[in-house]
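K.L.:
dropping a prediction and its sequence here:
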Amino acid sequence: MPHDMYPEPSRELAQKRRELAPDTQAAFRAFSQRVFADGALPAKTKELIAVAVAHVTQCPYCIRGHTELAIKKGATENELMEAIWVAAEMRAGAAFAHSNVALDVMAHAQPKPET
């Protein structure tokens, strides 16, 4: 019997989440609405940032939801793809930058004698 790692969002799951922690759910929703409202950054830009971050955190729900919202707020496919490439570079850039840790260990590690 196949089982998806990520179940499809449903009204039933959303309802269960609300029932289990209604105050927290309401607070999170209010926080999210405020964060994504127009401010110093327009809402479209915030959604593009969210799409990029969702790719770095690898959350399929966030990728889908924020991509849809970005499109609704006027983001183009080119803008979305550029945001995704920024995320890819940042993820790869982190691995590149952290190579300094390994290089530092290599420079200071004492080789083990062969037995």
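P.N.:
Nice, thanks for sending it over.
K.L.:
name all residues that make contact with the residue positioned nearest the centre of the chain.
P.N.:
Against the mean C-alpha coordinate of the chain, by C-alpha atoms, centre = their mean, the closest residue is residue 54 at 2.0 Å. For residue 54, the contact set (C-beta atoms under 8 Å, 6 or more residues apart in numbering) comprises 62-63, 66. Placement of C-beta: from N, CA and C, glycine included.
K.L.:
in whichever strand or helix holds it, what counts as buried?
P.N.:
In the assignment (DSSP states H and E), residue 54 maps to helix 43-57. Within helix 43-57, the residues scored as buried using 16 or more other C-beta atoms under 10 Å are 43-55.
K.L.:
show me what contacts the residue nearest to the residue nearest to the centre of the chain when sequence neighbours are not counted?
P.N.:
Nearest non-adjacent residue to residue 54, counting by C-beta to C-beta, 6 or more residues apart in numbering: residue 62, 3.6 Å away. Residue 62 makes contact with 50, 53-54, according to C-beta under 8 Å, 6+ apart.
K.L.:
and of these, the nearest to residue 100?
P.N.:
Residue 100 lies nearest to residue 53 out of these, by C-beta to C-beta, at 24.1 Å.
K.L.:
wait, isn't that closest one in contact with residue 84?
P.N.:
No. Look at residue 53 against residue 84 with C-beta atoms under 8 Å: they stay out of range, at 10.7 Å.
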